[in-house]
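Colleague: Give me a 3D structure for the following:
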Amino acid sequence: MKKFYIILSLLLTFSSLSAESIIIEKVIKLKETLRDEAFPEQGGAAFFKDKFLFTTDNGLFIVSDTKGKFLLKEKTQNQFIFEPVVNGDSYYLISTAAIEKRDINNKIIWNLKTKTPAASRPFFTENGKIFIQLQDNTIYYLDDTKGTVESNYTYYNENEISYIKLADPILSGDKVIFGFSNGLITYFTVKNNQLIPFYKFKTAGRSFYYTKKDFYDIFSFVNTPEGLLFSSGEEGGLMIKGKVNPIKEISNIRLKDIGKEVLGYGEHGIFIYDKNGKLLRNPLKTEGFIFDVTSDETNALATDSEGRLYILDSNFEKVKGKFKIPEGINGKIASLNGKFAFISNFGNLYIVSIR
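Modeller: Modelled structure (predicted):
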């Protein structure tokens, strides 16, 4: 009866707000206690081959088909803090205590215990190596076949460790770029299998001037023809040859390279920039915080901190529909074959399509 009520109320809510329609393919309640429901969901969804993968912050891992039929369900003692991360014919489960690699048959290839949780998603190289950033400011350089640590680097500073998710590492030439929780951006290179910081750049002033250190965490960055476009909690800018041209309008957002343009989402909506950080359009304005944006060939789906779902066209020109669920969504959305999958903060698994 409870599941029926959820589905019925959502259908009524969605159908009444827009000419666009969301078809709810499946709703499954995952969290069993009020304590579990009290915490925002930090896991999320991903697609792998023709299946959806799900992780939750209470330690559930699920493999389902696109109709929501469970093919595998496991419970661990650790919290998952990212959605499953897919790379080729393998995927990785990232918990508070370990990083685990699995194959196409869901068998464990290796499991690496970590002293602290990961701070960002792994970065994979073409020669079979992985960079993994942890919340104690340590970066591991791994062999992807064996899961062994070949080198590591720790950035020591007097500041407390940040526990929010930092920027996903990216490649610039032959260097891998990482952001830290005090506004530091570092370019790393590997020489003789050793991880070496090649270049460091501080995006903000010295740490003892900070009033709230978390605001200087590096949220995201993208390469541009001129340099590096970045966003932190307090400010953003375009870094060219070691100098920053401040752009306050790109603070506190996630940046994503979408070809000729840059997608930004986070505080106050969705933004489209050129490669130099100039705002081209603002297809969505909101008082909430946009947590994720995922698109397919036709539509894009965005979620905010108030529990709203926004449908946009895939070119991010306009909003085509707005819907609301009571729980809100903090985790990642996955898109596969015209369907979108996500887990709400109350622990309800959704598979929906847009018509």
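Colleague: Which residue ranges of the stretch 1-150 of the chain form strands?
Modeller: Taking DSSP state E, counting those that start in this stretch, the strands of the stretch 1-150 of the chain run over residues 22-29, 44-48, 51-55, 60-64, 70-75, 85-87, 90-94, 98-102, 108-113, 123-124, 129-133, 138-143, 148-154.
Colleague: Cross-check the contact I'm expecting between S120 and V176.
Modeller: No: shown here, S120 and V176 do not form a contact pair, counting by C-beta atoms under 8 Å, at 11.3 Å. Every C-beta, even on glycine, is put in place using the N, C-alpha and C of the backbone.
Colleague: So which of the strands of the stretch 1-150 of the chain is nearest A334?
Modeller: strand 44-48 (3.8 Å; C-beta to C-beta).
Colleague: got the angle between the closest one and strand 98-102?
Modeller: The directions of strand 44-48 and strand 98-102 differ by 30 degrees, with axes from the mean of the first three to the mean of the last three C-alpha atoms, to 10 degrees as the criterion.
Colleague: Go through stretch 322-341 and flag the buried ones.
Modeller: Buried residues in stretch 322-341, defined by neighbour count with 16 or more other C-beta atoms under 10 Å: 322-323, 325, 327-336, 339-341.
Colleague: Which members of the residues you listed occur in strands, if any?
Modeller: For the buried residues of stretch 322-341, membership in strands holds for K322, F323, A334, S335, L336, K339, F340, A341, with DSSP state E as the criterion.
Colleague: Report the two of the residues you listed separated the most.
Modeller: Pairwise distances across these peak at 23.1 Å for K322 and L336 (criterion: C-beta to C-beta).
Colleague: follow-up on the earlier one: among the buried residues of stretch 322-341, which one sits closest to N182?
Modeller: The closest of the buried residues of stretch 322-341 to N182 turns out to be N330 (C-beta to C-beta; 24.1 Å).
Colleague: Neighbouring strands - and their directions - for the lengthiest strand in the chain?
Modeller: Among the elements of type strand in the chain, defined by DSSP E, the one spanning the most residues is strand 279-295. Neighbouring strands of strand 279-295 in its sheet, by DSSP bridges, are strand 262-273 (antiparallel), strand 299-304 (antiparallel).
Colleague: Confirm that E249 sits in a helix.
Modeller: Yes: if the criterion is DSSP: H, G, I helix; E, B strand; the rest coil, then E249 is within a helix.
Colleague: contacting residues around G338?
Modeller: For G338, the residues meeting the contact criterion (C-beta atoms under 8 Å, 6 or more residues apart in numbering) are D296, T298, S353, I354.
Colleague: Which ones among those lie within strands?
Modeller: S353, I354.
Colleague: List buried residues within the contacts of G338.
Modeller: I354.
Colleague: Nearest to T66, out of the contacts of G338: which one, please.
Modeller: Minimum separation from T66 among the contacts of G338 (C-beta to C-beta) is found for S353, which lies at 9.6 Å.
Colleague: Distance of the closest one relative to I325?
Modeller: As judged by C-beta to C-beta, to the nearest Å, S353 and I325 stand 16 Å apart.
Colleague: hang on, the earlier thing: in TSV, list the contacts of G338 along with pLDDT and distance to W110.
Modeller: Putting those into TSV (pLDDT from 0 to 100; distance: C-beta to C-beta, whole Å) gives the following:
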residue	pLDDT	distance to W110
D296	89	32
T298	89	38
S353	91	36
I354	88	38
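Colleague: Mind picking the one among the contacts of G338 that's closest to D304?
Modeller: For D304, the nearest member of the contacts of G338 is I354. The distance, counting by C-beta to C-beta, is 17.2 Å.
Colleague: now D57: how far from K175?
Modeller: Taking C-beta to C-beta as the measure, D57 falls 33 Å from K175.
Colleague: Those two: who's more crowded?
Modeller: Neighbours were counted for D57 and for K175 using other C-beta atoms under 10 Å; D57 has more, 24 against 15.
Colleague: How about residues contacting stretch 258-268?
Modeller: The contact list for stretch 258-268 (C-beta under 8 Å, 6+ apart) reads 219, 222, 224, 229, 231, 250-257, 270-275, 277, 280, 285-287, 289-290, 292-293, 302, 316.
Colleague: No more questions from me, cheers.
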